[in-house]
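Participant: after the sequence you'll find the predicted model.
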Amino acid sequence: MEKRNRYTILGLTDGLFLGIGIALGISFFNDYSFTFISILLVGVTGALSNLFATYNAEEYVTGEQIKEYKRILFARDYNPRKIRHARHASSVKAALSSFGATLVGSFVVLAPYIISSAVSYGGIKETSVVSLLISLAILGYVGSRNKEKKDRAKGGLKMVGLGLLIAMASSGVGLAVSSLL
């Protein structure tokens, strides 16, 4: 369970960070539909990337652990087929957890754009700010949950700070690109 939690948090924050960056960067120089499609594509691409990266990372780590276990167990209790099956199942669970969480994070960023489109409100910059605020609130919560009780506020603020840093950097790039176009 611990491994899945690790990859769920990784995927969720990755999806939120990617979404925030794309939303704020692109919203300065493009229309609503391009921003929406870009966030969606980045979310799906990020989720697929996390799926395969997590699987490969887990396969490698588990393979190294198996080498160590082999040495410890010798040949008596060693069943390669059983170990390979457990290794594969563990890697798949971790990869699917990361994939799903990245998609959820990306769709959290997309939600204000979907709602904005449904109510025919076309303010893309305002929608991007709402998306940023929702994402920062979730990042703050996630950052606070993985700390001791006395350090939770600090962990939450650190994640919010990272989210703001990404938002400022991507907004700066978006403004620079829009000034060139």
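Facilitator: Happy to help now that I have it.
Participant: what's the next secondary structure element after the longest helix belonging to the chain?
Facilitator: The longest helix of the chain (DSSP state H) is helix 32-73. Using DSSP states H and E, the helix or strand that follows helix 32-73 towards the C-terminus is helix 80-118.
Participant: now that following helix: mean pLDDT?
Facilitator: Mean pLDDT, helix 80-118: 81.
Participant: that one - contacts with which helices or strands?
Facilitator: Identification of packing neighbours for helix 80-118 by 3 or more Cβ pairs under 8 Å, 6 or more residues apart in numbering; DSSP states H and E yields helix 2-27, helix 32-73, helix 124-145. (Each C-beta comes from the backbone N, C-alpha and C, glycine too.)
Participant: and among the ones you listed, the most buried is which?
Facilitator: helix 2-27 (a mean of 22; mean count of other Cβ atoms under 10 Å).
Participant: just to revisit the earlier point, tell me what angle the longest helix of the chain forms with helix 80-118.
Facilitator: Relative orientation of helix 32-73 versus helix 80-118 (axes from the mean of the first three to the mean of the last three Cα atoms, to 10 degrees): 160 degrees.
Participant: distance between helix 32-73 and the chain's centre?
Facilitator: Between the centre of helix 32-73 and the centre of its host chain there is 11 Å, according to Cα atoms, centre = their mean, to the nearest Å.
Participant: do the same with stretch 86-98
Facilitator: On Cα atoms, centre = their mean, the centre of stretch 86-98 falls 17 Å from the chain's centre.
Participant: picking up where we left off before, can you give me the angle the longest helix of the chain makes with helix 124-145?
Facilitator: Using the same axes, to 10 degrees: helix 32-73 against helix 124-145 is 20 degrees.
Participant: how about the helices and strands packed on helix 80-118, which one is nearest Phe107?
Facilitator: helix 32-73 (6.8 Å; Cβ to Cβ).
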